[in-house]
Every structure is written in structure tokens, then in C-alpha cells.
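Q: 3D, please:
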Amino acid sequence: MGAWIAAASARGARTDGADPLFQATLAGFGWQAVPHVASAVVTRGYTPGALTAPTVVAPFALWARSRLRRAGVPVTPAPPAAALLGPLLVVGAHVAASGLLGLADRWRRGRTAGIHLVPAAIVVPAVARHLPTGRRGSPRPSRAPAAR
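A: As a prediction, the model looks like this:
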């Protein structure tokens, strides 16, 4: 999501806010406050974003759009297809994060068979230089002469 916001912001900066992608992203940023508040209402408690969505996110989006209007930038309504883009990005980000968390969990538990992020021919020699020698769990043999 951060990469999307950064790309849209860069396009908005280049066009003084007139870029349709920037404006659609700004609108989506403001509208995403609704599910945050709704989730807190449904769960009857605090959920992530329940405080910042109505106090920071929504007011910022409204303020930014009003600044565009005051600057004479034509604020174009987002096309209906853009309304689908937000949920698709959110679902995609959640799927990617879930996959990365699962991968990290497998990596921590040592179940990495079949997972090759970097070719083993590169990693194994580089890592092996920094690992203790000898049997698993045994300390590296001392290179110092034995005390007499």
C-alpha cells in the first residue's frame, strides 16, 4: 500500500494535484476511514485505526481536496472502476502480507524445504564462514594452544 500511495503522491506532485490517479487515491485514503470506524462499532471496542481514522485520515482527505479546489485544480470524481481498485489493493496487500508471514514462520521453524529466495550456491558458502564448525550444537574448536 505504501508503494501505491508513494507513486500516486509523486504523480500528484508532478501535476500539482491534477492527476486522476492522485485524486482517486486521495479519495480512497479518506474513504478508508469508514471501515476502521465500522470495525470498532461492530466489535464494540478498539480496533486498529479506530482513533486515527476519524481524527486524522478523514479530516486530512477533506482538507486536501478543499485545498485542491481553492487552488483552482479541477477535482474530478473517481470513475466507478476506481471504487473496485481500493478493495483489490487491500485484499492484495493482505494476501501478500499473509504469505510473507507464513514464509517467515516456516523459516523460523526450520521448515524451509523448497523455499529458495536466494540460490543456495550463493548463501551457503557465505553463511558457512560464520557458523561454528564441528557437530551441531558443539562450540567451535579452540585454535589457542591447550593450557599446560
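Q: any stretches of this structure with poor pLDDT?
A: Applying pLDDT under 70 to the chain flags residues 1, 79, 82-83, 86, 111-148.
Q: packing partners of the helix ranked longest in it?
A: Across the chain, the longest stretch assigned as helix under DSSP state H is helix 80-109. Helix 80-109 sits against helix 20-31, with contacts defined as 3 or more CB pairs under 8 Å, 6 or more residues apart in numbering; DSSP states H and E. In this view, the C-beta of every residue, glycine as well, is placed from N, C-alpha and C.
Q: host element of residue 46?
A: Under DSSP states H and E, no helix or strand contains residue 46.
Q: which residue, other than its chain neighbours, is closest to it?
A: Take residue 46 and drop its neighbours on the chain: the residue closest to it by CB to CB, 6 or more residues apart in numbering is residue 40, 6.3 Å away.
Q: doesn't residue 54 make contact with the one you found?
A: No. When contacts are counted by CB atoms under 8 Å, residue 40 is not listed as touching residue 54 (9.6 Å).
Q: looking at these two, which is more packed in?
A: residue 40 (18 against 15; other CB atoms under 10 Å).
Q: so what touches stretch 44-64?
A: By CB atoms under 8 Å, 6 or more residues apart in numbering, the list of residues contacting stretch 44-64 from outside reads 26-27, 29-34, 36-37, 39-40.
Q: now the residues you listed in JSON lines, with distance to residue 61?
A: What follows is those, written out as JSON lines (distance: CB to CB, whole Å):
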{"residue": "26", "distance to residue 61": "6"}
{"residue": "27", "distance to residue 61": "7"}
{"residue": "29", "distance to residue 61": "5"}
{"residue": "30", "distance to residue 61": "3"}
{"residue": "31", "distance to residue 61": "8"}
{"residue": "32", "distance to residue 61": "9"}
{"residue": "33", "distance to residue 61": "8"}
{"residue": "34", "distance to residue 61": "11"}
{"residue": "36", "distance to residue 61": "13"}
{"residue": "37", "distance to residue 61": "14"}
{"residue": "39", "distance to residue 61": "18"}
{"residue": "40", "distance to residue 61": "19"}
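Q: give the contact list for the residue lying closest to residue 7 once chain neighbours are set aside.
A: The shortest distance from residue 7 to any non-neighbouring residue, by CB to CB, 6+ apart, is to residue 21 (7.9 Å). With contacts defined as CB under 8 Å, 6+ apart, residue 21 is in contact with 7-8, 11-12.
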